[in-house]
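1. With the sequence up front, the predicted model follows.
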Amino acid sequence: MKSPSLSTTAYAGASNGESSERPPFLRMRGLCKSFGHVTALSEVDLDLREGQVVALCGDNGAGKSTLVSMLSGVIEPDDGTIEVDGQPTYMTSPLRAQELGIATVYQNLALVEQRDVAANMFLGQEPVRLGVIVDRARMVDEATRVIQRLRVGLPSVRTLVGDLSGGQRQAVAVARAMLRGSRMLLMDEPTAALGVRESRRVIELIQEVRSEGQAVVVISHNMEDVFDVADRIVVFRLGRKIADEERAGLQREDLVSLLVHGCRSEEAGER
Ligand SMILES: Nc1ncnc2c1ncn2[C@@H]1O[C@H](COP(=O)(O)OP(=O)(O)O)[C@@H](O)[C@H]1O
Ligand SMILES: [Mg+2]
């Protein structure tokens with residue numbers, strides 16, 4: 001576990017009643033993003049902490065993917081601030097986000113079917129020896145270690161990705177993110193294309209990543225998945241954050257009502 005002994009007074013921005021702990025891994029304030037006349041995100045505040053899974057929910061077009069793209073350095077906000085460990089940060093490129101320990105598993109996973117698991121995990125970052133030779137033995141070794149750590153049911157890191165199931169591919173993409181030593185994992189609809197059993201495995205994988213102390217952000221349309229895995233549930237509607245609750249503080253019917261009506265069930269009932 002990380003030492004909690006950091007001074008709490010040293011951080012700017014600790015004045016809004018959150019001063020008792022060290023700053024979250026990532027703190028967003030007032031984030032805005034428009035595409036032409038479409039407002040994708042409006043004045044979004046969000047804190048993401050290590051060891052916590054946050055589910056982003058909301059109808060299509062609510063702004064969830066835009067937020068993830070911002071955190072992974074793919075698009076820049078028009079306005080607002082992002083702090084990492086309490087320090088103002090500019091997520092100017094995917095490489096910058098990666099340097100900060102932010103790894104993204106996109107919906108298409110970006111894997112090469114004709115290559116094996118180990119090769120995919122090191123794609124573009126192959127270790128070399130003697131300056132030029134790809135160190136295949138080290139790749140197999142390290143890939144195996146990460147796969148075992150994540151308790152992923154893969155036959156071998158020498159299996160071609162093209163021969164894997166959807167859930168196994170998702171696991172390879174997560175393992176690749178872990179290999180890069182990330183502190184935060186972003187997943188956009190990781191179970192959307194999977195069956196029930198495979199989705200279950202991905203949920204277990206997310207739990208494993210959380211138990212290693214990473215922050216996890218997962219976008220999902222699946223209520224069961226959300227209530228299974230999230231510590232916190234954040235709801236977006238038309239680019240605005242309309243709810244940000246501990247899972248225990250939110251009933252299923254409230255989430256449904258927030259998604260459909262933009263307010264909680266009792267409020268919807270009063271209308
Ligand atoms: N690259 C883009 N160009 C133009 N409009 C975009 C772009 N990305 C997202 N949008 C728009 O921004 C809004 C939010 O989209 P998005 O973040 O993808 O929502 P979600 O992931 O919640 O479905 C939508 O109205 C969408 O059409
Ligand atoms: Mg989306």
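-> Arrived safely, thanks for sending. Ligands and ions are numbered 1, 2, ... in the order given.
2. distance of Arg27 from ligand 1?
-> Distance, Arg27 to ligand 1, using CB to the nearest ligand atom, to the nearest Å: 20 Å. Where C-beta positions appear, they are placed from N, C-alpha and C, glycine not excepted.
3. what's around that residue, how many residues?
-> 23 (other CB atoms under 10 Å).
4. again with Glu212
-> Using other CB under 10 Å, Glu212 has 13 other residues around it.
5. Which element, helix or strand, includes the residue nearest the centre of the chain?
-> Nearest to the mean C-alpha position of the chain, counting by CA atoms, centre = their mean, stands Leu186 at 1.8 Å. Per DSSP states H and E, Leu186 falls inside strand 184-188.
6. And ligand 1, is that strand touching that?
-> No: shown here: strand 184-188 not in contact with ligand 1 (CB under 6 Å from any ligand atom), separated by at least 7.5 Å.
7. Relative to that strand, what are the paired strands and their orientations?
-> Strand 184-188 has the following strand partners under DSSP bridges: strand 102-105 (parallel), strand 215-219 (parallel).
8. Could you dump those into a markdown table and include distance to ligand 1?
-> Shown next, in a markdown table, are the strands paired with strand 184-188 (distance: least, CB to the nearest ligand atom, whole Å):
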| stretch | distance to ligand 1 |
| --- | --- |
| strand 102-105 | 14 |
| strand 215-219 | 7 |
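9. Comparing these by mean pLDDT, which bottoms out?
-> When those are ranked by mean pLDDT, strand 102-105 comes last with a mean of 89.
10. Give the buried residues for it.
-> For strand 102-105, burial by neighbour count (16 or more other CB atoms under 10 Å) applies to Ile102, Ala103, Thr104, Val105.
11. what helices or strands is the strand or helix carrying Ile233 leaning on?
-> Taking DSSP H and E as the definition, one finds Ile233 inside strand 232-237. Here strand 232-237 touches strand 53-58, strand 240-246, helix 252-261, going by 3 or more CB pairs under 8 Å, 6 or more residues apart in numbering; DSSP states H and E.
12. got any ranges where the protein has weak pLDDT?
-> Residues of the chain meeting the criterion pLDDT under 70: 1-20, 268-271.
13. Quick one: name the residues of it near ligand 1.
-> With CB under 6 Å from any ligand atom as the criterion, the chain meets ligand 1 at residues Phe35, Val38, Ala40, Gly58, Asn60, Gly61, Ala62, Gly63, Lys64, Ser65, Thr66.
14. Can you flag the buried ones in the residues you listed?
-> Buried among the residues of the chain next to ligand 1 (16+ other CB under 10 Å): Ala40, Gly58, Ala62, Gly63, Lys64, Ser65, Thr66.
15. Could you find the closest non-adjacent residue to the first one?
-> With sequence-adjacent residues excluded and distances taken as CB to CB, 6 or more residues apart in numbering, Ala40 is closest to Thr66, at 4.2 Å.
16. my read: Ile75 touches Thr66, true?
-> Yes: look at Ile75 against Thr66 with CB atoms under 8 Å: they come within range, at 7.0 Å.
17. Spell out which residues are contacts of both of the two.
-> Common neighbours of Ile75 and Thr66, using CB atoms under 8 Å, 6 or more residues apart in numbering, are Lys33.
18. follow-up on the earlier one: pull up the pairing partners for the strand holding Ile233, direction included.
-> Strand 232-237 has its sheet partners listed here by DSSP bridges as strand 53-58 (parallel), strand 240-246 (antiparallel).
19. now the angle between helix 252-261 and the first one, please.
-> Here the directions of strand 53-58 and helix 252-261 differ by 40 degrees (axes from the mean of the first three to the mean of the last three CA atoms, to 10 degrees).
20. next one: the last one
-> Between the direction of strand 240-246 and that of helix 252-261, the angle (the same axes, to 10 degrees) works out to 170 degrees.
21. Now do the lengthiest helix in the chain against strand 53-58, angle only.
-> For the chain, the helix with the greatest residue count under DSSP state H is helix 196-211. Going by the same axes, to 10 degrees, helix 196-211 is angled at 130 degrees with respect to strand 53-58.
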